[in-house]
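next comes the sequence, and after it the predicted model I'd like to discuss.
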Amino acid sequence: MAVRRVIPVLLGMVVLAACASTGVVPVGDGVYMISKQSAAGVFGTPAGVEADIYRTANAYCAARHQVLETVDVQTQNAVPFSHEGSATLHFRCTSAK
C-alpha cells in the first residue's frame, strides 16, 4: 500500500526536476546566464528549452528598457538514461540601437 503512494510522489519529483531552470544569474562584467533542462526529461530536445530561455532573457532585458545581446548559447541533446536535453545562454542587456 505504501508503494502506491510513493510512486506518484517520485514521478512528480522527476517531472519537477526535469523542468529545472537557473533563472537569470549574473556571472560578471555585465554578462548574465540562464540554463534550463527539458521538461520532457531524457526524451526531450533542447529546441523548446532554448526558445524558453531566450523568452526569459528577452523579458529580463526589456524590463530594463534594453535589448538582448547573445554572448554564447550552448545546447545539449538528451541521452536516454544519461542526461536531459538542455540549453544555456550567456547574454548582455544593451541599449537599443
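Noted; the coordinates are in hand.

what about the residue nearest to Asn77 when sequence neighbours are not counted, how many residues nearby?
Of all residues not flanking Asn77 in the chain, Gly85 sits nearest, at 5.6 Å (C-beta to C-beta, 6 or more residues apart in numbering). From N, CA and C alone the C-beta is placed, and that goes for glycine too. By other C-beta atoms under 10 Å, 25 other residues sit near Gly85.

now do the one 5 residues further on
With neighbours defined by other C-beta under 10 Å, the count for His90 comes to 17.

that one contacts Val31, correct?
Yes: the pair His90 / Val31 is scored as a contact, 5.7 Å apart, by C-beta atoms under 8 Å.

which neighbours do the two share?
Counting by C-beta atoms under 8 Å, 6 or more residues apart in numbering, the contacts common to His90 and Val31 are Val71.

quick one: pLDDT of the residue nearest the centre of the chain?
What sits nearest the mean C-alpha location of the chain, by C-alpha atoms, centre = their mean, is Lys36, with 1.7 Å. Looking at Lys36, its pLDDT reads 92.

do the same with Gln66
So Gln66 comes in at 97 (pLDDT).

contact partners for it?
Gln66 touches Cys93, Thr94, Ser95, Ala96, counting by C-beta under 8 Å, 6+ apart.

quick check: the last one touching Val67?
Yes: the pair Ala96 and Val67 qualifies as a contact (C-beta under 8 Å) at a distance of 5.1 Å.

ok, Ala57 to Val79 distance?
To Val79, Ala57 is 26 Å away according to C-beta to C-beta, to the nearest Å.

and those two? Which one has more around it.
Neighbour tally, Ala57 and Val79, criterion other C-beta under 10 Å: the higher count belongs to Ala57, 23 against 10.

wait, what's in contact with the more buried one?
Taking C-beta under 8 Å, 6+ apart, we find Ala57 in contact with Val24, Tyr32, Ile34, Leu68, Leu89, Phe91.

quick check: buried residues in the helix or strand harbouring it?
In the assignment (DSSP states H and E), Ala57 maps to helix 46-62. Buried residues in helix 46-62, counting neighbours by 16 or more other C-beta atoms under 10 Å, are found at Pro46, Val49, Glu50, Asp52, Ile53, Tyr54, Thr56, Ala57, Tyr60, Cys61.
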